[in-house]
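*Asks:* All I have is the shape, not the residue letters:
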């Protein structure tokens, strides 16, 4: 067996559709979603307002919106949301003119990259602190 790392070229996605005229069981994969994070909303904004805005500007699609809890209180407090959207909306959602002025948008790729960066930075800091205490 080949032990090389998987690349996007080695990923295979099935295309067969289940039909009622076969004796095979009918099952299907779950559609993959586009996960994004939007921030810098006014603190009084709630998930219903965001969902209504998105569905009004993306007719025919259902979106999932979840308000995120802030871990720290600041003077300039803002609100953030996690949104799940259909992949077909990617070009629309990543268009800056789709969003109100000053709203910040992060894709999950950026978010995971940032999370890994923060973890690695904290590990370096912890190693430095351990060295100082020895």
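*Replies:* Noted; the coordinates are in hand. This is a predicted model, so every value here is computed, not measured.

*Asks:* can you count the residues close to the residue nearest to residue 55 when sequence neighbours are not counted?
*Replies:* Distance criterion C-beta to C-beta, 6 or more residues apart in numbering; nearest residue to residue 55, sequence neighbours excluded, is residue 63 at 6.2 Å. Yep, even glycine has a C-beta here, placed from its N, CA and C like the rest. Residue 63: 18 surrounding residues under other C-beta atoms under 10 Å.

*Asks:* Would you confirm that residue 29 contacts residue 15?
*Replies:* No. Contact criterion C-beta atoms under 8 Å: residue 29 and residue 15 do not qualify, at 10.9 Å.

*Asks:* show me the contacts for the residue nearest to residue 55.
*Replies:* Shown in contact with residue 63 (C-beta atoms under 8 Å, 6 or more residues apart in numbering): 51, 54, 55, 83, 84, 85, 86.

*Asks:* can you put those residues in TSV and add pLDDT and secondary structure?
*Replies:* Output for the contacts of residue 63, formatted as TSV (pLDDT from 0 to 100; DSSP: H, G, I helix; E, B strand; the rest coil):
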residue	pLDDT	secondary structure
51	93	helix
54	90	helix
55	90	helix
83	92	strand
84	90	strand
85	89	strand
86	88	strand
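
*Asks:* most neighbours, which of the residues you listed?
*Replies:* Counting by other C-beta under 10 Å, top hit in the contacts of residue 63: residue 54 with 23 neighbours.

*Asks:* which SS state does the closest residue to residue 51 other than its chain neighbours fall under?
*Replies:* What sits nearest to residue 51 in space, not counting adjacent residues and going by C-beta to C-beta, 6+ apart, is residue 65, at 4.4 Å. Three-state call for residue 65 (DSSP: H, G, I helix; E, B strand; the rest coil): strand.
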